[in-house]
Structure formats: C-alpha cells, structure tokens
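J.: take this sequence and fold it.
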Amino acid sequence: MTKQFSDLGISAPILQALTALNIVEPTEIQQKTIPLLLRNTTDLVGIAKTGTGKTAAFGLPLLQLVSTEVATIQAVILVPTRELGHQIFSNLESFGKNISGISIVSTCGGVPIKPQIERLKQPTHILVATPGRLVDLIQRQAIDLSATAFLVLDEADEMVSILKESLDEIVASLPKNHKTILFSATLPGTIKQLIQNYLNKNVVQINADMETVGNQGIQHQYVVVEPIEKLEVLMHFLNSKEGERGIIFCKTKAAVNKLAKNLAINRFSSGAIHGSLTQGIRDRIMEQFREGHINILVATDLAARGIDVKEVSYVVNYHLPDTYENYVHRSGRTARAGGEGLSLTVLQQEEVAQIADFEKELGITFHPFQKPSELSIENNNTLLWAKQIFKTKPNHDVDAELKTKIKTIFHHLTKEELVEKVLANYLLQNKVITVEKPEKKVKKN
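T.: Predicted coordinates for the structure are as follows:
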C-alpha cells in the first residue's frame, strides 16, 4: 500500500497545503527521511538524485519542528546559489502557508545586504542562505544563531569548496548540540570528508532513488559530430523541439555567450545565464524562462542550479561535463515530478570512449541519437534563414525613393513568385543541395 504524508507524521496544516499544491504521494527520499527528522534524534545524510523531492524531505519536518512562539532563528539552510535559495524559500512558503506566525527569510548574495540586515531584526524562524552571505552577516554581528537547532547543507556536493572556507565560522556560531542534515546527489570523497569533520559519528545515511539518474523518465542519448558541424546539428535538434522548453549546458561563460549569440541571430527564443552576469539580469532571465516567455536557457553548471521547472522536456550537454556529479545535476533538470525528458550529449569522436565510464559510474545506459543527414541540415538552415527574414523588423530609415524603385521591380510578382525567387537566390548564394539524387546505374553491355 502506498504511503501518504499523513502516515509519515506530517501535521494537518502542512497536509492541507500539500493537498492544495496537488502533492499527494511522498517520494522515496521523503518516505525515508521525514519520520527520522521528525524524531529529531540524529544527524542525517540523504543521498538522492536531483528532482526527487529533497526540499520537502527536509523542509516539511523543519516547518513542523520550529516553534513560532520563539522569535529566534531555529533552522539554517545553506545552498550553493541564490537561484536555489529562491526556489527553496518559495517552496517553504507554500508548504507552510497554513502555519500561523511562521517566518521564513532568504539571505543570499548578489543583492544588497542592508535590506536583509533590516529584515533580520524582525522575528525569523527559518533562514535560507548562501555560505558567503551568511558569513558576512555573522562578521557584521547582524545575525544571532545561538538558538539554531538545525543546520541543513543542501546540494552539498556543489558547494564543497565554499564550505571549506566558511563552515568553521558558521558552525562556531551555532549551539554545540545542533543537528546537521546534509543532502547531496552524489557522495564523492570530499563530501565523505565533510561528513567526517562536521557530523556526529552516529550519523544516519539514507540512500534513495539511486537506480537511475533523477528517475526512470530520462532518456540518455548522445550524438557524435565533427567540430565544424556541431552548431548546425544543435540548431537542427532545437528546430525539431520548437515550442518545447529546454536547457543547454556549456562548460564556460565564454561558450555560453557565444552560443547564446548564435541562437539569437537565428531567432531562437532563448536567454543565457552565468556567474558574471549581474544578479538582476540572471533573475530576469530566470523569470522569463519559468513563465515560458523564452523556451531555451543556455547556462553554466552552477548558474543553472535551482531551476525547478516541470515543463523542461530536454537538456543538451553541448560540452561533456567534467564530473559525473555535474551530469547528474544537468540531466536532473528534465523529467521532474514524475515526467519524462531527454538528456542529449553532443560529443566529438575522441570523447565517445568516456560514455562507458559515465554509464558504469552512474548506472545508466546511453543510446545513440541519429545525426541528421547533410540534406536535412541544409534544409534546416534554409528554414532558419526564412525565420530570420520573417522576424526582421522593417527599417524605416531607408530612403523612400529607393523603396519605391525596389517595389517597382517586384510589383508584377505574386507572393508565391517572390518567395520562389528569393529562395532560389538563397540556395544559389549558399550552394545548397536541395535534393539527394540517386546514383545512376551504369548499363552493362
């Protein structure tokens, strides 16, 4: 029999909020962690792939365990990026909307600190923060963590380097008997060391949803291309997904900018985010993506953390990720909340051998993706050219007399004839193959 949230010990106000959000059945990680956290007897490590409901796994128990009668920060949730912090803050607000007097605050970097300091002067029960901003607040003596009972490290594998520098200072501000809850999609050696250094020796480890990356709904595929055809193959794929939302991952900020520029030239509905953009620009582009105003997001690994959009139907690894952990996080952006999705990796021939390593390490199977033919790519390029013309805004600065002369040249042509001539001119200029002709058979005597 399938468990319900009520079976896990979740209180009525939170159950009402979950029902209103149409969250009915707990995921595996939620079933395993929520009862343990509600008992509040031990540190906990949760290992589960992206998209398996980790926020609710620790968020629901925290909402239930904090006391709204006490005006102190009782739980701190550390996250690697402001985007993820915003997502968790929004989720907790939704989960706790029926809890009278609950106060949740987000204090992440990238925005002015003074308004956050002012906000912290008011009662706060749960704090969501990036490590750097929290350390800044501690050093300014603008925050009191002396009554904090819970420290959550979410997406710990993505902020190991940050935590190395800041965790000592953060932990020193907490009571000695605080509980630590660590969640991660993977368990590399650096995380094992962190667990050994900062968590109780009797820590409980929970593994859930580990049989596949994210869930069963992700198709893992790869396509092998020559460097010169990489962009054209990508645009052919994107045209086949017109109207669907997807994320393209690049290794570097420069690669994100270059690809985003090419997509804009070809009139794809797209935006780009990376760490060098201002927080305001990143927030605006993320909001456009969430609201469906743009369909394609080009991003670096860290900048895309915190994207939780159910309708992302595909992910493209334009560059092979450096680590297995990054592949887990990338592919986990699609097929969320039980949906289905495609994770397509674009490879050069010398990278193909690495696919076997990813399969072995992550327990998944990659299937070849059929590369489009030369004719199909040429046809797609022609369609993109037509789309560019259609979406080009008229130039009202052109001399009126010149416009009249041009119109006179074309005035006797029908729309169909004009299209035929413009298309023929494009094909001639670009020497495009229009039809694949079968080879002539040589008649033998």
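J.: can you give the domain ranges for the chain?
T.: As assigned by automatic domain parsing, the chain contains the domains 5-207, 218-374.
J.: worst mean pLDDT among these?
T.: Lowest mean pLDDT within the domains of the chain: domain 218-374, a mean of 89.
J.: circling back to that earlier point, nearest to residue 396, out of the domains of the chain?
T.: Of all the domains of the chain, it is domain 218-374 that lies closest to residue 396, at 20.3 Å by Cβ to Cβ. To be clear about C-beta, it is placed using only N, CA and C from the backbone, and glycine gets the same treatment.
J.: now the strands for the stretch 201-350 of the chain?
T.: Along the stretch 201-350 of the chain, counting by DSSP state E, counting those that start in this stretch, strands occupy 204-207, 218-224, 245-249, 270-273, 296-299, 312-317, 341-347.
J.: please identify the most buried of those strands.
T.: Highest mean neighbour count of the strands of the stretch 201-350 of the chain: strand 296-299, a mean of 27 (counted as mean count of other Cβ atoms under 10 Å).
J.: ok, now which ones touch the residue lying closest to residue 3 once chain neighbours are set aside?
T.: The spatially closest residue to residue 3, leaving aside those adjacent along the chain, is residue 31, at 5.5 Å (Cβ to Cβ, 6 or more residues apart in numbering). Taking Cβ atoms under 8 Å, 6 or more residues apart in numbering, we find residue 31 in contact with 3, 8, 208.
J.: neighbour count and distance to residue 185 added to the residues you listed, as CSV?
T.: Listed next are the contacts of residue 31 as CSV, based on neighbours: other Cβ atoms under 10 Å; distance: Cβ to Cβ, whole Å:
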residue, neighbour count, distance to residue 185
3, 14, 23
8, 19, 22
208, 20, 11
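J.: how about a markdown table for those residues, with distance to residue 74 added?
T.: Formatted as a markdown table, the contacts of residue 31 follow (distance: Cβ to Cβ, whole Å):
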| residue | distance to residue 74 |
| --- | --- |
| 3 | 27 |
| 8 | 21 |
| 208 | 26 |
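J.: show me which of these is closest to residue 124.
T.: Checking the contacts of residue 31 against residue 124 by Cβ to Cβ gives residue 8 as the nearest, at 26.4 Å.
J.: hmm, the closest one is touching residue 35, no?
T.: Yes: contact criterion Cβ atoms under 8 Å: residue 8 and residue 35 qualify, at 5.4 Å.
J.: now the closest residue to residue 97 other than its chain neighbours. Its backbone dihedrals?
T.: Counting by Cβ to Cβ, 6+ apart, residue 97 lies nearest to residue 17, which is 5.3 Å off, once chain neighbours are set aside. Main-chain torsions, residue 17, degrees, to the nearest 10: phi -70, psi -40.
J.: what about residue 17, how many neighbours?
T.: 20 (other Cβ atoms under 10 Å).
J.: which ones are touching it?
T.: Here residue 17 is in contact with 94-98 (Cβ under 8 Å, 6+ apart).
J.: which of those lies closest to residue 430?
T.: Relative to residue 430, the closest of the contacts of residue 17 is residue 94; by Cβ to Cβ it sits at 51.8 Å.
J.: give me the element that closest one is part of.
T.: Applying DSSP states H and E as the criterion places residue 94 in helix 82-95.
J.: and that helix, which residues are buried?
T.: By 16 or more other Cβ atoms under 10 Å, the buried positions in helix 82-95 come out as 82-89, 91-92, 95.
J.: other residues contacting it?
T.: Residues from elsewhere that reach helix 82-95, judged by Cβ under 8 Å, 6+ apart: 14, 17-18, 21, 55-56, 59-60, 62-63, 77, 79, 104-106, 108-111, 126, 128-130, 154-155, 279, 282, 286, 303-308.
J.: what's the spacing between the residue nearest to residue 97 and residue 309?
T.: Distance of residue 17 to residue 309, given as Cβ to Cβ, to the nearest Å: 21 Å.
J.: same question for residue 334.
T.: Residue 334 sits 9 Å away from residue 309, taking Cβ to Cβ as the criterion.
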